[in-house]
Every structure is written in structure tokens, then in C-alpha cells.
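Asker: Have a look at this prediction, sequence included:
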Amino acid sequence: MIRSYAVDDQIKSLEVLEGYIAETPEIQLIRSFTNSVTALKEISQSGKVDVIFLDIDMPNISGIELASQIRNKCNKLIFTTSHSEYAIDAFEVLADAFLLKPYSYSKFAFTINRLFFENPIMETNTRKEEFFFVKNKEQDHVAVSVRYADIVAFESFHNYVKIHTTQKIIIAYLSLKDVKEQLQLDEKFIQIHRAFIISTAHISYIDGFKVNLSNGLGFCVGESYKSEFKESLTNKIVISSRRK
């Protein structure tokens, strides 16, 4: 369980953050503060937690000043602010992440996943099992865990993305652009159409430019994606060296 504190003098912003934490089963909010002076006093006297979420632009003691005093009280420090110009200052006090308000739940969850759940790159450059959290429309927007290894395909679906997994379909309020930019997709994932990103690990067979996946789905490779598709699979096709 990830234990956390949250400090933000803006009540509405704090409520949003508290809501995100409540929807993420792996995180526990120990306490939230709206006053930076109170936060300094109590956090300084408390035990160490896993992460502190800290606003920057606050009266009396700014988030930057507060961070310099309590950085040793957390493993990870995440700044939240409406002002992007504070980014450099934030990382000078050893911040691990910077969330620019208003940030979405997906951005929040991807940040938590990056800091706490992704395995470091090993010498063999292989990826161990990893996962991320996303809100599932089919489960009243509850945050669910998705393992990369279970993903068969991402499908653009109106204003959502269908995440086809080996167990079920998750409908998330994302775009394929969000998927490509915010998820840690490796070379096993390839876009074959403007509406589809697939996992090559789940390809059952290929018939020309029609790709059939392990869950029974079949997609035709888009014209503008054919060259990249062929290139990505060239070294995976085994052909006999014998002459006919």
C-alpha cells in the first residue's frame, strides 16, 4: 500500500486529488492539509510516507520552500500546480513528478504507475510484468488494473478507447494519442490502422494484410501502415532456405 500526504490550499483542487486517491486501491491518504504551516509542523514530526502531493503556489510557505524542509519525509515527491513556470524550481528540490492542473485521472494514474510499479530496465532490456490503472466506463468508472501482457489491442471507439484484454474489454475515456504518449508501450505494440494498436504477441495468424488476434478479432492493416507493419514482422517470419 502506498501511503501519502496531500497539501494544497485550494479546496477544490484538493478534493479532486482526494477523489483520485480514493479511486486508486493501491494508495492510502494518511492526511490532507490546506495550510502549509500546519503541514510543515505535522509532517516534520511524523514518520516517513511513500509519496507527498504538494501544491506550489501557497501563502505563508510555498510548496518549494515546504519541499526543502520535508523532502526526507517521503520516498517520492509529486508537485501539483496551475503554473508550468515552476517546473524547473520543482525539480531543483528533487521532485519526482510534476502534475499541471487541471490534470486528468489518467495522467495521475500513469504518474503513479511510472513511479511505483514499473520495473527498471534490466541489463537484458526485457520488460517484466507491468500494469497501469484506468477508469472503466463499464464498471461505473472504477479504476481497474490492466497488465500490459494481457492487452490484445487498443481500439478507438467514439470518444473512448476499447482496451481488449485476454479476460475482458475495458472502455476508457482516452484517445489513441493518449495511449501512445502516456503508456509505456514497447516494440511489441504496433499501430496497424488509425483506429487500432495491436500487440504482436497476440497475433494468431496473418492472411495477407488481415491480422487475426488471439481473442478472435480480425483487423485489416491500413494502407498508410502497411510498410511499417511489414518491416516490424520481417525478422519474425521463418522461411526455409531450401530451394523448391
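Answerer: Ah, there it is. Numbering: from 1, shown residues only.

Asker: Next, the closest residue to residue 22 other than its chain neighbours: phi, psi?
Answerer: With C-beta to C-beta, 6 or more residues apart in numbering as the measure, residue 29 is the residue that lies nearest to residue 22, at 7.5 Å, once sequence neighbours are left out. The way it works is simple: take the backbone N, C-alpha and C, and place the C-beta from them, glycine included. The phi/psi pair for residue 29 (degrees, to the nearest 10) reads phi -90, psi 110.

Asker: who does residue 29 bridge with?
Answerer: Partner residues in beta bridges with residue 29, using DSSP bridges, are residue 4.

Asker: Can you check the pLDDT for it?
Answerer: Residue 29 carries a pLDDT value of 97.

Asker: Tell me the spacing between it and residue 182.
Answerer: In this structure, residue 29 and residue 182 are separated by 23 Å, where distance is defined by C-beta to C-beta, to the nearest Å.

Asker: Likewise for residue 224?
Answerer: Distance from residue 224 to residue 182, by C-beta to C-beta: 23 Å.

Asker: what do you get for residue 219?
Answerer: As judged by C-beta to C-beta, residue 219 and residue 182 stand 23 Å apart.

Asker: repeat for residue 147
Answerer: Shown here: residue 147 relative to residue 182, a distance of 17 Å by C-beta to C-beta.

Asker: the more surrounded of the two?
Answerer: Neighbours were counted for residue 147 and for residue 182 using other C-beta atoms under 10 Å; residue 182 has more, 18 against 13.

Asker: tally of neighbours for residue 232?
Answerer: Neighbour number of residue 232 under other C-beta under 10 Å is 15.

Asker: Do I have it right that it meets residue 192?
Answerer: No. Residue 232 lies out of contact with residue 192 (C-beta atoms under 8 Å); the separation is 9.4 Å.

Asker: Now the element after the helix or strand of the chain with the lowest mean pLDDT, going C-ward?
Answerer: Taking mean pLDDT, DSSP states H and E as the measure, the helix or strand of the chain with the lowest value is helix 87-92, at a mean of 66. The helix or strand immediately downstream of helix 87-92 is strand 97-100, counting by DSSP states H and E.

Asker: No more questions from me, cheers.
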